[in-house]
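A.B. asks: need a 3D model of the sequence below.
(one chain, ligands or ions: 1)
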Amino acid sequence: PESPLRQERAGAVLTLTLDRPAVLNSFTTDLLRALFLALDAAAEDASVRCVVLTGAGRAFCAGQDLADPAVAPQSDIGHLLAHFYRPMLLRLRSMPVPVIAAVNGVAAGAGANLALACDLVVAARSASFIQAFSKIGLVPDCGGTWLLPRAVGRAKALGLAMLGDRLPAQEAERIGLIWRCVDDAELAGEVGALAARLAAMPTRALVETRRAFDAAQQTDLAGALDHEQALQRELGFAHDYQEGVAAFMARRAPSFSDR
Ligand code: T3D
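C.D. replies: Take a look at the predicted model:
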């Protein structure tokens, strides 16, 4: 059978496309497993320096495929989350390279929170985000309960999660939920340029920045300062710092390679 996930390489950028357009790229266990394995392989492949996640057709991802037998009424959804969503989400969030979500269309339920778990979210103007869970009697998953209040504050997060209304990309940008909203025709170009730019940057520093932000959620200022100091010490001994400073001094473009 054809893979529900398409993979394309352009230089150091790997693009993963959720590819079940007839059902708005909704998640089956096959797709979740394919995504986990592709992320895992990219994490191991030192030639990959940025990952882009997008959807085929008019949607980004409509969340769990509600027609999948794995979620038939009376089945154990907790089991599905534990064995498929959790490993995929944790793999995504711990990638050793920056991850961009190119949100080409609607992102609903787990699809919305998958996009929001990426490092930079760029959405087409016609795209939207829907915390669809409450409409079928569930709570936000894929880290939504952790991420949403941190991203936009409790009031907005509860409004989005309880009402499950469609949040247009432009509004998502305005409230700080995503990095940028761009015209539909510009999405591929903007994301391509952004991915190439990130791929040429000091990968390790970018990834430690994500990790430090996440870790800082659980510490006070002194704890964050300690963590920054430890990271800076480590990065200061690494190649990319030496290269960055040397390139600056010589007025030339740097060539970063740490990952
Ligand atoms: O049990 C569990 O659910 C476990 C928990 C998992 C976490 C979750 O993700 S829960 C949330 C699940 N997702 C949803 O509730 C969203 C369901 N979809 C929608 O609300 C709408 O499709 C959209 C708002 C996303 C888009 O609406 P629209 O009008 O643009 O498209 P449409 O006509 O509804 O959908 C197009 C087709 O995709 C349609 O099939 P058809 O009629 O052309 O044969 C539709 O049934 C199918 N589709 C859309 N979303 C899903 C889906 N099929 C299966 N599962 C879906 N989630």
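
A.B. asks: write out the residues of the stretch 1-150 of the chain neighbouring the ligand.
C.D. replies: 23-24, 26, 62-67, 71, 77, 106, 108-110, 130, 132-133, 136, 138, 141 (C-beta under 6 Å from any ligand atom). Yep, even glycine has a C-beta here, placed from its N, CA and C like the rest.

A.B. asks: and stretch 167-182 with the ligand, contact?
C.D. replies: No: interface with the ligand: stretch 167-182 contributes nothing (C-beta under 6 Å from any ligand atom), its closest point being 11.6 Å away.

A.B. asks: before we move on, back to that, tell me which of the residues of the stretch 1-150 of the chain next to the ligand fall in strands.
C.D. replies: Taking DSSP state E, the ones among these that sit in strands are 106, 108, 130.

A.B. asks: in a markdown table: those, plus pLDDT.
C.D. replies: Output for these, formatted as a markdown table (pLDDT from 0 to 100):
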| residue | pLDDT |
| --- | --- |
| Val106 | 99 |
| Ala108 | 98 |
| Ile130 | 98 |
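
A.B. asks: between those residues, which is closest to Tyr85?
C.D. replies: Ala108 (14.7 Å; C-beta to C-beta).

A.B. asks: please enumerate the helices of this protein.
C.D. replies: 29-44, 77-80, 86-93, 110-116, 144-152, 154-163, 169-174, 187-199, 203-216, 221-236, 239-249 (DSSP state H).

A.B. asks: what lies in contact with the fourth one?
C.D. replies: Read that as helix 110-116. Contacts to helix 110-116, defined as C-beta atoms under 8 Å, 6 or more residues apart in numbering, come from residues 24-27, 53, 55, 59-64, 85, 89, 92, 101, 103, 107, 121, 123, 129-132, 140-144, 147-148, 151, 177-178.

A.B. asks: mind running it again at 6 Å?
C.D. replies: Here helix 110-116 makes contact (C-beta atoms under 6 Å, 6 or more residues apart in numbering) with 60-64, 101, 103, 107, 121, 129, 142-144, 147.

A.B. asks: what about Ala193, neighbour count?
C.D. replies: 11 (other C-beta atoms under 10 Å).

A.B. asks: distance of it from Ala247?
C.D. replies: For Ala193, the distance to Ala247 equals 21 Å [C-beta to C-beta, to the nearest Å].

A.B. asks: how does this structure divide into domains?
C.D. replies: Listed domain ranges for the chain are 5-199, 203-249 (source: automatic domain parsing).

A.B. asks: can you give me the pLDDT of Arg174?
C.D. replies: We have a pLDDT of 98 for Arg174.
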